[in-house]
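Asks: need a 3D model of the sequence below.
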Amino acid sequence: MMAVVTSDPAETQRLRDLAVLRRVRDRIDREYARPLDVEALARGVHMSAGHLSREFKRAYGESPYSYLMTRRIERAMSLLRRGDLSVTEVCFTVGCQSLGTFSTRFTELVGVPPSVYRTQAQTTAGVPTVATKYAIRPVRQKPTPAP
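Replies: Take a look at the predicted model:
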């Protein structure tokens, strides 16, 4: 790995901060099924929870919590397509503690409740995985501003 040399202290600090944020994002990707919260993530990189949230959102466009829930929903989608677990089992397998919160977030990101998604996924059997993954990737819907 090539080190970037800069004489600007602000730029050096910004690069350090981005490296820390990458570690947080990588931890979320690895440990999404474990009990994670912003406070625990912040402690792991010696930041306050508020500072971590602000910097993470500035770097990645969403809060650490939203990023974590998106990872959990992506994994839940995969498990629901497999079809061998109930919605409740999937909820707890991906690290969610509340079926209600899981269902709400799933519906918000995917557009249909997990039970409906599971039923629909069974009808896409035989479609190449790469096409399925592209077509069903969760996309955070941003509210349309009122005129």
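Asks: figure out how far stretch 8-27 is from the centre of its chain.
Replies: Relative to the centre of its chain, stretch 8-27 is centred 20 Å away, using Cα atoms, centre = their mean, to the nearest Å.
Asks: buried set for it?
Replies: Using 16 or more other Cβ atoms under 10 Å as the test for burial, stretch 8-27 gives Asp17, Val20, Leu21, Val24, Arg25, Arg27. Yep, even glycine has a C-beta here, placed from its N, CA and C like the rest.
Asks: name the residues that touch the one helix or strand Ser53 maps to?
Replies: In this structure, Ser53 sits in helix 49-60 according to DSSP states H and E. Identification of contacts with helix 49-60 by Cβ atoms under 8 Å, 6 or more residues apart in numbering yields 17-18, 21, 24-25, 38-39, 41-42, 45, 47, 62-65, 67.
Asks: what's the farthest-apart pair in those?
Replies: Between any two of these, the greatest separation by Cβ to Cβ is 21.4 Å, found for Leu18 and Glu39.
Asks: so if we follow the domain assignment, how does this structure break up?
Replies: Domain segmentation of the chain under automatic domain parsing yields 11-65, 69-136.
Asks: and those domains, which one's lowest on average pLDDT?
Replies: Comparing mean pLDDT over the domains of the chain, the weakest stretch is domain 69-136, at a mean of 87.
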